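Peer 1: Have a look at this fold, sequence not included:
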């Protein structure tokens with residue numbers, strides 16, 4: 001027997017089952033995807049790097065992927081899958097907060113076959129509480145404010161009607177109003193003439209959901225009022241919100257998932273927060289999602305490795321992102337991490353890294369030479385060989401950090417007249433672990449074995 005979709009517009013919608021929740025999530029994803037570049041254009045806080053829309057979109061895609069082919073009708077189980085997908089795929093500050101909104105919703109809907117307005121109101125309340133608790137220093141005038149106001153409205157609406165459609169209509173209206181007030185709460189938004197980007201992203205998700213329950217009819221594009229606040233025709237909002245000296249204090253956006261046993265979320269959160277700002281650390285005893293802005297990207301990654309295994313590592317240079325957006329080379333600030341200086345006779349390490357962010361992490365850990373490991377075109381033997389030859393030492397260790405690059409690294413080793421060892425790392429996190437075991441003054445073979453052992457732990 002097929003399950004009903006959302007009921008016709010002239011009927012009350014009293015209960016939502018798992019397949020309807022799945023379609024609500026998809027509708028929110030589709031509407032955010034349509035408008036994510038607008039969200040990017042609004043992004044000035046906490047750093048004007050123009051990627052909030054993209055990060056929220058990637059998070060929503062990961063959430064929906066968990067339920068895309070699901071036929072489960074149990075709303076609690078579907079919500080839990082959405083929550084887990086959002087956490088594992090969360091990107092950026094806004095994406096991690098969005099994952100916590102899904103986590104709170106899942107908590108509120110746990111064990112329920114279907115949900116009513118009262119159930120959804122409680123889920124919204126838990127979504128707001130969970131989002132706030134995951135942020136080290138909550139700031140009003142952001143997505144946090146929008147979800148809190150939405151939760152308050154959900155509670156009020158549930159007291160007035162048992163119709164889920166009515167509740168979602170009221171929640172979207174309140175979210176839009178909260179969004180429009182964000183410039184009065186956060187001065188940098190007012191300075192740039194925009195509303196909060198994360199809040200706008202959440203509004204698009206809610207609007208997409210409401211479009212679904214209205215059968216794609218009856219909902220105007222409410223984003224116009226907010227986006228009309230975009231400042232300057234000839235200058236992006238990021239240019240108006242950029243620091244006066246053009247320099248971001250903590251330019252590296254570091255994100256990873258920490259896997260372990262008996263992890264203490266509060267201890268991890270406090271330790272990570274001491275390293276930088278924009279800290280969001282959420283999870284449980286086995287899995288913790290970490291997001292932080294730092295000066296030295298190696299510090300949080302090394303700390304994570306000391307506690308367990310890390311995966312899904314993302315390191316982005318926000319300074320470079322901001323400069324590219326505002327097209328202001330005159331105020332460019334060099335933030336790339338310099339390669340360490342080798343003492344005579346020390347071992348030099350060559351590492352393959354995909355992107356400038358990971359390259360800087362490896363340099364901060366002591367790598368002398370970095371080879372660009374492009375996603376669709378792995379480096380050649382010649383490129384790795386040249387990097388080996390460029391190391392100012394006759395003793396070199398190579399970290400491929402990709403199973404498809406190991407053979408090329410070994411071929412480059414055989415071409416070189418130097419003493420070269422290849423530690424067959426298959427991922428960037430394995431490379432990080434290996435670097436923590438580097439003894440630049442040790443014997444080459446023994447050091448390579450120690451690094452390989454560390455990489456495999």
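Peer 2: Arrived safely, thanks for sending. It should be emphasised that the depicted structure is a prediction, and the values quoted were computed from it without experimental measurement. Numbering: from 1, shown residues only.

Peer 1: all strands for the stretch 351-457 of the chain, in order.
Peer 2: For the stretch 351-457 of the chain, the strands defined by DSSP state E, counting those that start in this stretch occupy 369-372, 395-399, 419-422.

Peer 1: Mind giving me the packing neighbours of the second one?
Peer 2: Based on contacts counted as 3 or more Cβ pairs under 8 Å, 6 or more residues apart in numbering; DSSP states H and E, the elements that strand 395-399 packs against are strand 348-353, helix 381-390, helix 406-415, strand 419-422, helix 428-436, helix 444-456. Any C-beta I mention is one placed from the backbone N, CA and C, and that applies to glycine too.

Peer 1: Which residues does it contact?
Peer 2: For strand 395-399, the surrounding residues in contact (Cβ atoms under 8 Å, 6 or more residues apart in numbering) are 345-352, 362, 367, 384, 388, 409, 412-413, 416, 418-423, 425, 431, 434-435, 438, 444, 447-448, 451.

Peer 1: how about 7 Å then?
Peer 2: Contacting residues not belonging to strand 395-399 are listed as 347-352, 384, 388, 409, 413, 418-423, 425, 431, 434, 444, 447-448, 451 [Cβ atoms under 7 Å, 6 or more residues apart in numbering].

Peer 1: neighbouring strands for it, and are they parallel or not?
Peer 2: In the sheet, strand 395-399 lines up against strand 348-353 (parallel), strand 419-422 (parallel) (DSSP bridges).

Peer 1: what angle do that strand and helix 428-436 make?
Peer 2: Here the directions of strand 395-399 and helix 428-436 differ by 150 degrees (axes from the mean of the first three to the mean of the last three Cα atoms, to 10 degrees).

Peer 1: Wasn't residue 278 part of a strand?
Peer 2: Yes: secondary structure of residue 278 (DSSP: H, G, I helix; E, B strand; the rest coil): part of a strand.

Peer 1: in terms of contact, does it touch residue 293 like I think?
Peer 2: Yes: with contacts counted by Cβ atoms under 7 Å, residue 278 reaches residue 293, the gap being 4.4 Å.

Peer 1: Turn the strands paired with strand 395-399 into CSV, including distance to residue 189.
Peer 2: Formatted as CSV, the strands paired with strand 395-399 follow (distance: least, Cβ to Cβ, whole Å):
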stretch, distance to residue 189
strand 348-353, 35
strand 419-422, 50
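
Peer 1: from these, which stretch is densest packed?
Peer 2: With neighbours defined as mean count of other Cβ atoms under 10 Å, the strands paired with strand 395-399 peak in mean count at strand 348-353, which reaches a mean of 28.

Peer 1: so where's the chain shaky on pLDDT?
Peer 2: Within the chain, the set of residues satisfying pLDDT under 70 comprises 1-4, 6-7, 44-50, 216-247, 321-339, 374-377.

Peer 1: Identify the residue nearest the residue nearest to the spatial centre of the chain in space, chain neighbours excluded?
Peer 2: Of all residues in the chain, the one closest to the mean position by Cα atoms, centre = their mean is residue 91, 1.3 Å from it. Nearest in space to residue 91, with sequence neighbours left out and distances taken as Cβ to Cβ, 6 or more residues apart in numbering, is residue 55 at 4.0 Å.

Peer 1: Need the single longest helix in this structure, by residues.
Peer 2: In terms of residue count, the longest helix belonging to the chain (DSSP state H) is helix 18-42.

Peer 1: ok, residues contacting that helix?
Peer 2: 3, 6, 50-54, 56-57, 60-61, 63-64, 67, 70, 72-75, 77-79, 82, 194-195, 197, 200-201, 204-205, 207-209, 211-212, 223, 227, 230, 236-237.

Peer 1: among these, which ones are buried?
Peer 2: 6, 50-54, 56-57, 60-61, 63-64, 67, 72-75, 77-79, 82, 194-195, 197, 200-201, 204-205, 207-209, 211-212, 223, 227, 230, 236-237 (16 or more other Cβ atoms under 10 Å).

Peer 1: Restricted to helices, list the residues you listed.
Peer 2: Reading helices off these with DSSP H, I get 52-54, 56-57, 60-61, 63-64, 75, 77-79, 82, 197, 200-201, 204-205, 207-209, 211-212, 223, 227, 237.

Peer 1: so is residue 256 in a helix, a strand, or just coil?
Peer 2: Strictly by three-state DSSP, residue 256 counts as strand.

Peer 1: Let me have the strands of the stretch 351-457 of the chain in JSON lines, extended by distance to residue 358.
Peer 2: Shown next, in JSON lines, are the strands of the stretch 351-457 of the chain (distance: least, Cβ to Cβ, whole Å):
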{"stretch": "strand 369-372", "distance to residue 358": "9"}
{"stretch": "strand 395-399", "distance to residue 358": "11"}
{"stretch": "strand 419-422", "distance to residue 358": "19"}
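
Peer 1: Tell me which of these sits nearest to residue 340.
Peer 2: Evaluated over those, closeness to residue 340 peaks at strand 369-372, with 10.7 Å, by Cβ to Cβ.

Peer 1: And residue 211, how close does it get to residue 134?
Peer 2: Residue 211 sits 28 Å away from residue 134, going by Cβ to Cβ, to the nearest Å.

Peer 1: can you list the domains in this structure?
Peer 2: 18-241, 252-331, 348-456 (automatic domain parsing).

Peer 1: circling back: so which of the strands paired with strand 395-399 comes closest to residue 96?
Peer 2: Using Cβ to Cβ, those put strand 348-353 closest to residue 96, at 23.6 Å.

Peer 1: and the angle from the closest one to helix 444-456?
Peer 2: Going by the same axes, to 10 degrees, strand 348-353 makes 30 degrees with helix 444-456.

Peer 1: now what about strand 348-353, what contacts it?
Peer 2: 342, 359, 362, 366-371, 373, 379, 384, 387-388, 391-393, 395-402, 405, 428, 431, 435, 438.

Peer 1: Residue 361: neighbouring residues, count only.
Peer 2: Residue 361 is flanked by 30 other residues according to other Cβ atoms under 10 Å.

Peer 1: Show the contacting residues for it.
Peer 2: Applying Cβ under 7 Å, 6+ apart, the residues contacting residue 361 are 297-298, 301, 315.

Peer 1: Now, these that are in helices?
Peer 2: Counted as lying in helices by DSSP H, out of these, are 298, 301.

Peer 1: right, and out of the contacts of residue 361, which lies closest to residue 17?
Peer 2: Nearest member of the contacts of residue 361 to residue 17, counting by Cβ to Cβ, is residue 315, at 41.0 Å.

Peer 1: So what sits opposite that closest one in the bridge?
Peer 2: Per DSSP bridges, the residues bridged to residue 315 are residue 254.

Peer 1: Can you name the helix or strand that residue 174 falls in?
Peer 2: helix 164-185 (DSSP states H and E).
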